[in-house]
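Chemist: I would like to see how this sequence folds:
(chains A and B, ligands or ions: 2)
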Amino acid sequence: MQPDHHEIELTVNGTRYRRTVESRLLLSDFLRHELGLAGTHVGCEHGVCGACTILLDGDPVRSCLMLAVQANGHALATVEGLAPASGELHPVQQAMHAHHGLQCGYCTPGILMTMTAYLNEHPSPSEDEVREALSGNLCRCTGYQNIVDAMMDAAARMREEAP
Amino acid sequence: MSTRFFGAPVKRNEDRKLLTGQALFIDDVELPDMLHVAFLRSQVAHARLKQIDVSRARQRPGVVAVYVAEDYGDYWQPGPLLVQPPPIPGSTFNPRTQVPLARDKVRYVGEPLAVVVAESRYLAEDALDDIDVELETLPAVVDIEQALTSSSVPVHDDLGSNVAAHVHQVKGDYRKAAANAQIILKRRFRYEHGISSPIETRGVVAHWNARGQQMTIWDTTQAPVFIRNGLAAMLGLGERQVRVIAPFVGGGFGPKIMMFYPEEVGLPWISMRLNRPVKWIEDRLEHFVATTHERGQIHDAEIALAADGRILGVKDVFLHDTGAYNTYGLTVPINSQCTLLGPYVIPAYDSTFTAVFTNLPIVTPYRGAGRQHGVFVIERLLDLAARELGIDRAEIRRRNLIPPDAFPYNNQIIFQDFAPLSYDSGNYEPVLAKALDAIGYQRFLKEEQPKFREEGRCVGIGVACYVEGTGIGPYEGAKVQVQANGKVNVATGIGTQGQGHFTSFAQIVADQLGVDPSDVDIVTGDTDQFYWGAGTFASRGAVVAGNAVSEASAAVRRKALKLAADAFECAEEDLVLADGKVSIAGIPGKFIRLGELAQRANPMRGAVRPGTEPGLESTQYFGPPSGATANGVHAAIVEIDPLTLELKVLKYVVVHDCGTVINPMILEGQIHGGVAQGIGNAFFEKLAFDDQGQLLNASLADYLLPTALDVPRMELDHTVTPSPLNPLGIKGAGEAGAIPVGAVFAQAIEDALQLTSRKVELLEIPLSPSRLFELTRQEDA
Ligand code: FES
Ligand code: FES
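Modeler: Residues are numbered from 1 along each chain as shown, chains lettered A, B, ... in the order given. Ligands and ions are numbered 1, 2, ... in the order given. This next block holds a predicted model:
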């Protein structure tokens, strides 16, 4: 192995991967270009836009601000794993569709990951709280209103589904 | 034809792919053996290029090639003039277009100097550091007023001055109007528009297949057909050998239709040269200087009015920053010039502009495309006039509106589409009335505001009107084809960047052919699927391509009915087209599915009769004679913290008229997004350059885009005055949300802070809290 390369092992959406990567490889690039999970988008590469948000052991993180080697041993979740296998969409995805919460859809994966994690922890947020939770994700197309409405609706759908 | 879907808020066909991470964006294109490209960009704004030494870079392991301008040989050519200037008598226009790589001189920070091709993007960027550049720095031309003084250096040496264009347009006799005026008000206005900054940056992938002699280019462009035609010519290929695909594009808003960006020219050439696929994806820091901006204008404008507030005339002289090159012709300043006239009767207009070359990135249209600048000037002039004459702000607007019986209303000057600026249809007063009603204008001024003031709260109201020329030619086309499985395929030449074309076009087809919109597959932006077209710009996709889709599906409908009538040996009038089949009215069991008709239209035996064509398909084109004019009114109530000057929007109302509506849900989304960009423009988004032409805020941490906390809930309403210029009666809506926001906020902030009594006028945009602090403190001091 070249000195700057490391073997890492991690799971993404429940699938186990083992790869040798260069130490400087960004986690976002690793997911997109090494694992072919291109649903995670990159909008700025400096931690501001939120498009690259994934879950690391259940918590939202910006995959452009992490190196692939730092994910060694962790469990990751990306937008590709959000919808259950049945083909049904996750309630957050359903609500985004129902409320026209996406236009170009480029910011969408990051928003879905940020907000599913948020709604899991905050099942009954107020609109202001949703806006606050969403404020780290930039969307240039929608003006946010429909996303906010979608999230309020998603929270209700998730409360209903919860046991 | 039924209208079950046209006009309904049908949910989008494209959402599922986007929501599950399956949509193909440019950076998702992966090809075997692909190489990666990074550009070395100039760090200085203006310099003579003495020497570039790339020898060290070429030796770095993993680097496959490094090119400078000389390596391009004859392929190195300045880009084409994308938009010719309209034929306005007496105008000057000095076209200077961008080059694929800088050769003798660099003219803005970010201009590409060299290109590195390597096995990975990481390696390509490493090698940029190995390139030695020797420059002789020249003074940077940054300020548009200083640029025109005799002491300024020229951006383009051969021109001798920095005048990119000079245009004078006149309607009526302003001097006479001024002589008859009760008052004349004159002010200087500065309006800055920023960078569109879509969340996806630009990118190009080029793949030359030497065996097949085929070039495939994936490009985040809004105009794939133009890109194909231009690149085929430059590469010495036939147009049939070049396929340009605009995949899912993560927002555009204007700048993704420049032509050609240096990267678009470079990558196909490199792929042919190296016989391998190559990819370049712009990073965000590059985007701030390598993608076009819109930026600023300075207007010296005056308005002449009668005592009752009627406008007698307007005179305007303005400077427009065009950046280092003016590839996009006069589109932006002409839009400013024309849109200033707004929805008002302005009998005399005398408008002159000078477009100025600077050592700053190129200026091309960004959502609104110069219209904001013009609207800001006329709306602020009316506010000042209202105050001087003691007339209510809304009332002075109402008195000047073009009356409904005056349409088509010819403003006599020439618009960006070369046609006279003529408004096709409109009914403006109800739009204003609805907006005033929705915002509670009278109640606010009479009851609420006095109460707020008593409580020491600074709350103000603003209302502004605008028109928007939309849906201009030349034309678009569409091919509608019923397939054997009963699904309908539609191809058009435009690109799509989130406007919902996959759904709105499907709705048009669904009604004509009696199918469900989810059974209509739309293909946009693939030149192999549809050969002709212009692109998505100027709020024209739905208007121009939508009408082409409608005509093509109507033709397919006629074919289907004819085929079925032959099969059933009955009259076409007895047939019903619904639920994916043609049936005989009153005999539900007697039907034939559309898919089966499609098969019959391509028979295995027998002859296709003369005068008919095989296949259940049709290709139709639509070109409007001129653009359709939409209009609207925005109104807002805002509160300002008097200490921090932070602003909170308490209420925001948009009432607009964009003719017939295909999908109100998609339309509202377009307005929401436009307003959000307008808010960014009005408050935060200023591209801050130093006097050396360095962009000081070239990151999303420094150039702030509005977040979910900055954009308020918006209340929308509309009226419908169909356009007579196209069969569907549609007017464009893509830019409407963004246009008047600056004007509304300047007015509302003045009102909230009672700046009039402090003799402060807000004559510029953006108005960030710190800028407001400067402006108000100056006067207080
Ligand atoms: S790409 Fe990671 S935050 Fe923007
Ligand atoms: S939908 Fe385009 S950036 Fe959010």
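Chemist: where's residue B:681, which helix or strand?
Modeler: Following DSSP states H and E, one finds residue B:681 within helix B:664-683.
Chemist: Is any residue of that helix near ligand 2?
Modeler: No. If you take CB under 6 Å from any ligand atom as the test, helix B:664-683 misses ligand 2, and the best it gets is 7.9 Å. Backbone N, C-alpha and C define where each C-beta goes, glycine included.
Chemist: strands paired with the following helix or strand past that helix, and their directions?
Modeler: The first helix or strand that comes after helix B:664-683 along the chain, using DSSP H and E, is strand B:714-718. Take DSSP bridges as the rule and strand B:714-718 pairs in its sheet with strand B:647-657 (parallel).
Chemist: coming back round to it: now the helix holding residue B:681: average pLDDT?
Modeler: For helix B:664-683, mean pLDDT rounds to 94.
Chemist: likewise stretch B:622-641?
Modeler: In this model, stretch B:622-641 has a mean pLDDT of 92.
Chemist: chain center to that stretch: distance?
Modeler: Centre-to-centre, stretch B:622-641 and its host chain are 14 Å apart (CA atoms, centre = their mean, to the nearest Å).
Chemist: Does chain A have contacts with the helix holding residue B:681?
Modeler: Yes. Counting by CB under 8 Å from any CB of the partner chain, chain A is contacted by helix B:664-683 at B:665, B:666, B:668, B:669, B:672, B:673, B:674, B:675, B:676, B:677.
Chemist: Now stretch B:485-495: buried residues?
Modeler: Neighbour-count burial for stretch B:485-495 flags B:486, B:487, B:488, B:489, B:490, B:491, B:492, B:493, B:494, B:495 (criterion: 16 or more other CB atoms under 10 Å in any protein chain shown).
Chemist: what's the answer for stretch B:153-165, then?
Modeler: By 16+ other CB under 10 Å, the buried positions in stretch B:153-165 come out as B:155, B:156, B:161, B:162, B:163, B:164, B:165.
Chemist: what do you get for stretch B:227-241?
Modeler: B:227, B:228, B:229, B:230, B:231, B:232, B:234, B:235, B:237, B:241.
Chemist: so which helix or strand takes in the closest residue in space to residue B:700 that isn't next to it in sequence?
Modeler: Leaving out its chain neighbours, the residue that sits closest to residue B:700 by CB to CB, 6 or more residues apart in numbering or on different chains is residue A:48, at 3.9 Å. Following DSSP H and E, there is no helix or strand that holds residue A:48.
Chemist: same thing with residue B:218?
Modeler: Going by DSSP H and E, residue B:218 is part of strand B:214-219.
Chemist: From ligand 1, how far off is the closest residue to chain B within chain A?
Modeler: Proximity of chain A to chain B (CB to the nearest CB) peaks at residue A:39, 1.9 Å away. Look at residue A:39 and ligand 1: by CB to the nearest ligand atom, to the nearest Å, they are 13 Å apart.
Chemist: can you pull the contacts of that residue?
Modeler: Residues in contact with residue A:39 (CB atoms under 8 Å, 6 or more residues apart in numbering or on different chains) are A:78, A:79, A:80, A:109, B:20, B:21, B:22.
Chemist: quick one on the thing from earlier: what packs against the helix holding residue B:681?
Modeler: helix A:145-161, strand B:647-657, strand B:714-718, helix B:741-752 (3 or more CB pairs under 8 Å, 6 or more residues apart in numbering or on different chains; DSSP states H and E).
Chemist: what's the angle from that helix to strand B:647-657?
Modeler: 140 degrees (axes from the mean of the first three to the mean of the last three CA atoms, to 10 degrees).
Chemist: May I see the buried residues of helix B:664-683?
Modeler: B:665-683.
Chemist: Under the pLDDT cut-off, which ranges of the chain? List them.
Modeler: All of this refers to chain A. Counting by pLDDT under 70, the ranges of chain A that qualify are A:1, A:163.
Chemist: nope, chain B please
Modeler: Applying pLDDT under 70 to chain B flags the ranges B:1-3, B:535-539, B:604-610, B:778-781.
Chemist: related to what we said a few turns ago, make CSV out of the helices and strands packed on helix B:664-683 and add mean neighbour count and distance to residue B:418.
Modeler: Formatted as CSV, the helices and strands packed on helix B:664-683 follow (neighbours: other CB atoms under 10 Å in any protein chain shown; distance: least, CB to CB, whole Å):
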stretch, mean neighbour count, distance to residue B:418
helix A:145-161, 20, 38
strand B:647-657, 21, 25
strand B:714-718, 18, 30
helix B:741-752, 27, 28
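Chemist: and of the ones you listed, who's closest to residue B:631?
Modeler: With CB to CB as the measure, strand B:647-657 is the member of the helices and strands packed on helix B:664-683 nearest residue B:631 (5.4 Å).
Chemist: Mind splitting chain A into its structural domains?
Modeler: A:5-80, A:91-161 (automatic domain parsing).
Chemist: Pick the most deeply packed of the ones you listed.
Modeler: domain A:91-161 (a mean of 22; mean count of other CB atoms under 10 Å in any protein chain shown).
Chemist: Could you give the separation of it from the chain centroid?
Modeler: Offset of domain A:91-161 from its chain centre (CA atoms, centre = their mean): 12 Å.
Chemist: cool, and stretch B:12-26?
Modeler: Counting by CA atoms, centre = their mean, stretch B:12-26 is centred 23 Å from the centre of its parent chain.
Chemist: Mind listing what's buried along it?
Modeler: Here stretch B:12-26 shows B:12, B:13, B:14, B:15, B:16, B:18, B:19, B:20, B:21, B:23, B:25, B:26 as buried, counting by 16+ other CB under 10 Å.
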